[in-house]
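Student: Task: produce atomic coordinates for the following.
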Amino acid sequence: MDLNSASTVVLQVLTQATSQDTAVLKPAEEQLKQWETQPGFYSVLLNIFTNHSLDINVRWLAVLYFKHGIDRYWRRVAPHALSEEEKSTLRAGLITNFNEPINQIATQIAVLIAKVARLDCPRQWPELIPTLIESVKVQDDLRQHRALLTFYHVTKTLASKRLAADRKLFYDLASGIYNFACSLWNHHTDTFLQQISSGSEAAILSSLERTLLSLKVLRKLTVNGFVEPHKNMEVMGFLHGIFERLKQFLECSRNIGTDNVCRDRLEKTIILFTKVLLDFLDQHPFSFTPLIQRSLEFSVSYVFTEVGEGVTFERFIVQCMNLIKMIVKNYAYKPSKNFEDSSPETLEAHKIKMAFFTYPTLTEICRRLVSHYFLLTEEELTMWEEDPEGFTVEETGGDSWKYSLRPCTEVLFIDIFHEYNQTLTPVLLEMMQTLQGPTNVEDMNALLIKDAVYNAVGLAAYELFDSVDFDQWFKNQLLPELQVIHNRYKPLRRRVIWLIGQWISVKFKSDLRPMLYEAICNLLQDQDLVVRIETATTLKLTVDDFEFRTDQFLPYLETMFTLLFQLLQQVTECDTKMHVLHVLSCVIERVNVQIRPYVGCLVQYLPLLWKQSEEHNMLRCAILTTLIHLVQGLGADSKNLYPFLLPVIQLSTDVSQPPHVYLLEDGLELWLVTLENSPCITPELLRVFQNMSPLLELSSENLRTCFKIINGYIFLSSTEFLQTYAVGLCQSFCELLKEITTEGQVQVLKVVENALKVNPVLGPQMFQPILPSVFRGIIEGERYPVVMSTYLGVMGRVLLQNTSFFSSLLNEMAHKFNQEMDQLLGNMIEMWVDRMDNITQPERRKLSALALLSLLPSDNSVIQDKFCGIINISVEGLHDVMTEDPETGTYKDCMLMSHLEEPKVTEDEEPPTEQDKRKKLLALKDPVHTVSLQQFIYEKLKAQQEVLGEQGFQSLMETVDTEIVTQLQEFLQGF
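Tutor: Numbering: from 1, shown residues only. Below you'll find the predicted structure:
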């Protein structure tokens, strides 16, 4: 089919693909998908989107399909790759003429040319850059702009390549075209500056657009195009010229009002100048050294003196402050403690910084930051009144300092204060001195100044540690400020309670805590919501602090908990509810069981909040965290929460439900904590386990928690649980063991070991399919010690606690190995003795000794043949578990436990959970903790002696090393 008729067919289908009717749209999309890999399809698309007479939507779609095609089929190695001939034709067609009239389509074409350039330039497409350079020189406005737009996208894409060979190509390109790019930018900039006074709005906007694009090209070339840019005269000339150009553009902004159409573009250009400096400083700190002085003079004059009045705007101030901050903080400019160890470049930069930041300059910057930039603005005070919750959320952390004025000023203050604290501490202390005593509520300006100074004292808390007697200041100045209840004093009440939160972990005497708790109780009843929310934050910091003491806090617990709960109900925004919930969680976590009398109201409210937060998964995560701490605090009483708790766990851990993406991790934690604190199994709690099988299939990073949950069920109700779920669980485990890491295998086997320990009768039957591979692992001498140790732990349980099952397993394995049962048993004992050193846990070592001894007494020649090994292991076991009683000189087994031993819980320790109590009871039935190894050996040897008679036994004992026999006799004294 020739190109024209193909174009007609494709055009028709593309037109259908722009339809709103799905019956037309879907088949068209299917057809286009099939054509994607057809030779010639992209040539047709190129014809369509370069034909300006066609419908815009159809052309737009053609460009998008072309762009996807480049991503998928342009590389030589791609399946269905385009042929070299077609690619060659397409490359030529893309840069024939830059005359696309529609802006959005022009941008897409520029982007797709850049995508091809990334793969083909310069080797397969050497003519691209020369063509672009020629095209940006033409007089035709449209063609010049489109070529410049393409030039920018190509430069941006090539600059982003990271491989060494690609970087080298970009360096070559940059050095070749830098001179041209500079003169192009200068030309467009001069044109704009001439037109600003006399030209029409359209002409001004057009030349400003070209200035911006050519500056974008220069930014990429300057920052990414040179290894040592400071050695290039043109680069440094351009960078030094930026300051003059910035002044000219800022002056222009004086005459171009905010409603002018050029205003947005002009601000973008001014910001782009600052980005060039910031990027260059980031990438080439030492090449930036000659620019440090000018950058600091320029930024400080515009931000901290009258020079900036009438010309600066918020984003520009933020950029200038970031430039100062990055110079102050730059690691490359900081000499080592030992000056001689620093490089000359570092010392040079440090010298320039020191010369600039003199005492008067630093003092002025500090004063201006506090008394000008820290003041709450009219907009902020209005927002406080109209949207108090929005006001409290506004001040966020993270990277907000890069874009927002308030966080930016605060971060700059912290960095400058940290760097020059010896100079600036007296300045800030003097500001504090002038603000003693309460402030007149009628004087709003004085209140705001005080708020700003207190903000500075909070931000600089760590630096002021030695200079401020905070405890005295708290008692004499800050506490009285919190008691001024006038409405106009609320900025100071909020600031003071915030300030205390900043100092709590720095310097705050423990004895003063009750006074603070008293103040917090009062402020949580403040008439202003912002004050109440800020107070909750400080409470969290206080409770979270290392020196928190529960006994000091308990008298205030009921009041605080009630007031926090009221606050949780009063706030309406999702973020604020989350914040208050975190404070509540923190309190519950720190006071633990003491919370029980006060949680009734919260327990009733959470189901309602959970229902309301259906759309807000992050709030639901906060509810889950709160529930985790609640269940831990309530212990066995948490059973009363099950009607709400179990459906929540069910939803959060169900991988077929979309919310699990957000809730799974916290949901599993809650499930585990619920099991650990559950007094007994309920049918509903048992039913939740249906979610486990898909979770094990996911085999994600949550597996460890899943295994803990399974153990929780085994401890809680092994018989019911195993009868209901063991078959499916065993299947999941068998699948897991095939594909999991060694550590994962150990975790799975530990769960099996637990089941055997808790339920020696049912356990081995239920996990029967897993045991042959364990047996095989022992016989074949598994090479990983940790895995071998676990294998022996599992087999030890079966051998010691379910002998009949062990016999049937041995029988089954003898058939598989095609060996006699006795011979296989002999091999197993031999391997066990040989690899005993792989076992490090004392419990498992004693278990091994008990298990092997349980084979005695025996008249079986194989077991007698291995008698020496069994005794060796038993004596090793005795060495592990026997401790000498210094008073009587006799030995006793230190692993024995009795009902009488009740461990004392000290105040700092958590009280034992229900699961801890279950484990204790279980240990009291476990042979490892109930059978004396010493006694067991004695009885087994005595029984063996009876079977063989005195002489037969004697000759058997002679197979054992005399040293081992001596040690054995010593341990068995008194029997």
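
Student: So in the protein, where's the weakest helix or strand by average pLDDT?
Tutor: Between all helices and strands in the chain, the lowest mean by mean pLDDT, DSSP states H and E belongs to strand 891-893, at a mean of 80.

Student: Contacts made by the helix or strand just after that one with the rest, please.
Tutor: Remark: after strand 891-893, the chain's next helix or strand is helix 914-923, criterion DSSP states H and E. Contacts to helix 914-923, defined as CB atoms under 8 Å, 6 or more residues apart in numbering, come from residues 635-636, 675-679, 712, 715-716, 757-758, 897, 912, 929. Heads up, the C-betas are built off the backbone N, CA and C, glycines and all.

Student: swap in stretch 380-397?
Tutor: So stretch 380-397 is in contact with 376, 406-407, 491, 528-530, 533-534, 571-573, 575-576, 579, going by CB under 8 Å, 6+ apart.

Student: What about those, which are in helices?
Tutor: 406-407, 491, 529-530, 533-534, 575-576, 579 (DSSP state H).

Student: follow-up on the earlier one: show me which residues of the least confident helix or strand of the chain are buried.
Tutor: Buried residues in strand 891-893, counted by 16 or more other CB atoms under 10 Å: 891, 893.

Student: Run the chain-centre distance for it.
Tutor: Averaged C-alpha coordinates place strand 891-893 at 50 Å from its chain's average position (CA atoms, centre = their mean, to the nearest Å).

Student: Stretch 600-616 too?
Tutor: A distance of 27 Å separates the centroid of the chain from that of stretch 600-616, by CA atoms, centre = their mean.

Student: Let me know the secondary structure of Asp654.
Tutor: Of the three states, Asp654 takes coil under DSSP: H, G, I helix; E, B strand; the rest coil.

Student: ok so, going back, in terms of secondary structure, what does the least confident helix or strand of the chain contact?
Tutor: strand 882-884, helix 933-957 (3 or more CB pairs under 8 Å, 6 or more residues apart in numbering; DSSP states H and E).

Student: Next, the angle helix 914-923 makes with the top helix by length along the chain.
Tutor: When the chain is parsed with DSSP H, its longest helix is helix 703-739. Taking axes from the mean of the first three to the mean of the last three CA atoms, to 10 degrees, helix 703-739 and helix 914-923 form an angle of 60 degrees between their directions.

Student: what's the following helix or strand past helix 703-739 in contact with?
Tutor: Following helix 703-739 in sequence order, the next helix or strand is helix 742-758 (DSSP H and E). With contact meaning CB under 8 Å, 6+ apart, helix 742-758 is reached by 699, 703-704, 707, 710-711, 714-715, 718, 722, 726, 733, 736-737, 740, 763-764, 766-767, 770, 774, 784, 786-787, 790-791, 793-794, 797-798, 801-802, 922, 926.

Student: And the helices in the stretch 251-400 of the chain, which stretches?
Tutor: 263-283, 289-304, 314-329, 344-356, 359-368, 378-386, 388-394 (DSSP state H, counting those that start in this stretch).

Student: Pull out the buried residues from the last one.
Tutor: For helix 388-394, the neighbour count (16+ other CB under 10 Å) marks 388-389, 391-393 as buried.

Student: again, but for stretch 637-645
Tutor: For stretch 637-645, the neighbour count (16+ other CB under 10 Å) marks 638-639, 641, 645 as buried.

Student: which one of these is nearest Ile70?
Tutor: Leu645 (53.6 Å; CB to CB).

Student: Can you say which helix or strand has the closest residue in space to that closest one that isn't next to it in sequence in it?
Tutor: Closest residue to Leu645 in three dimensions, ignoring its sequence neighbours and counting by CB to CB, 6 or more residues apart in numbering: Thr674, at 6.1 Å. According to DSSP H and E, Thr674 maps onto helix 660-676.

Student: tilt between that helix and helix 703-739?
Tutor: 110 degrees.

Student: sorry, back to before: return the member of the helices of the stretch 251-400 of the chain having the minimum mean pLDDT.
Tutor: Note on these: helix 388-394 shows the lowest mean pLDDT, a mean of 85.

Student: Backbone torsions only: list them for the nearest residue to His80 once chain neighbours are set aside.
Tutor: Residue nearest to His80 in three dimensions, not counting chain neighbours: Thr37, with 3.9 Å by CB to CB, 6+ apart. Main-chain torsions, Thr37, degrees, to the nearest 10: phi -100, psi 10.

Student: how close does Thr37 sit to Ile70?
Tutor: 14 Å (CB to CB, to the nearest Å).

Student: so where's the chain uncertain?
Tutor: Where the chain drops to pLDDT under 70, the residues are 1-4, 394-398, 699, 889, 899-909.

Student: how's it carved up into domains?
Tutor: 1-160, 162-356 (the TED database).

Student: would you list the ones you listed in a markdown table and tack on mean neighbour count and distance to Gln650?
Tutor: Converted to a markdown table, the domains of the chain look like this (neighbours: other CB atoms under 10 Å; distance: least, CB to CB, whole Å):
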| stretch | mean neighbour count | distance to Gln650 |
| --- | --- | --- |
| domain 1-160 | 16 | 37 |
| domain 162-356 | 17 | 47 |
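
Student: any idea how far Leu956 is from Leu856?
Tutor: Taking CB to CB, one finds Leu956 at 10 Å from Leu856.

Student: Double-check Cys730 against Ile770; I have them as touching.
Tutor: Yes - taking contacts as CB atoms under 8 Å, Cys730 lies within contact range of Ile770: 6.4 Å.

Student: shared neighbours of those two, anything?
Tutor: In contact with both Cys730 and Ile770: no residue, using CB under 8 Å, 6+ apart.

Student: which of the helices and strands packed on strand 891-893 is buried the deepest?
Tutor: helix 933-957 (a mean of 16; mean count of other CB atoms under 10 Å).

Student: Following element in sequence after that helix, please.
Tutor: helix 962-971.

Student: what does that following helix contact?
Tutor: Here helix 962-971 has contacts from 871-872, 874-875, 878-879, 882, 891, 934, 937, 957, 960, using CB under 8 Å, 6+ apart.

Student: Would you indicate which residues of that helix are buried?
Tutor: 968, 971.

Student: Restricting to C-alpha, output it in PDB.
Tutor: The C-alpha trace of helix 962-971 is given here as PDB (Å, rounded to 0.1, in the frame of the first residue of the first chain):
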ATOM      1  CA  THR A 962      38.100 -42.500  79.700                       C
ATOM      2  CA  GLU A 963      38.200 -38.700  80.200                       C
ATOM      3  CA  ILE A 964      34.500 -38.500  79.300                       C
ATOM      4  CA  VAL A 965      33.700 -41.300  81.700                       C
ATOM      5  CA  THR A 966      35.600 -39.400  84.500                       C
ATOM      6  CA  GLN A 967      33.600 -36.300  83.800                       C
ATOM      7  CA  LEU A 968      30.300 -38.300  83.800                       C
ATOM      8  CA  GLN A 969      31.100 -39.900  87.100                       C
ATOM      9  CA  GLU A 970      31.800 -36.400  88.600                       C
ATOM     10  CA  PHE A 971      28.400 -35.100  87.400                       C
END
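
Student: how much does it deviate in direction from helix 933-957?
Tutor: Using the same axes, to 10 degrees: helix 962-971 against helix 933-957 is 140 degrees.

Student: ok, back up a step: quick one: contacts for the residue nearest to Leu645?
Tutor: Counted by CB under 8 Å, 6+ apart, Thr674 has contacts 631, 638, 645-646, 649, 685.

Student: same check, this time on Val543
Tutor: Per CB under 8 Å, 6+ apart, neighbours of Val543: 553, 586-587, 590.

Student: Pick out whichever of those sits closest to Gly949.
Tutor: Arg590 (68.9 Å).

Student: With adjacent residues omitted, what lies nearest to the closest one?
Tutor: In space, not counting the residues next to it along the chain, Arg590 is nearest to Val543; the distance is 5.1 Å by CB to CB, 6+ apart.
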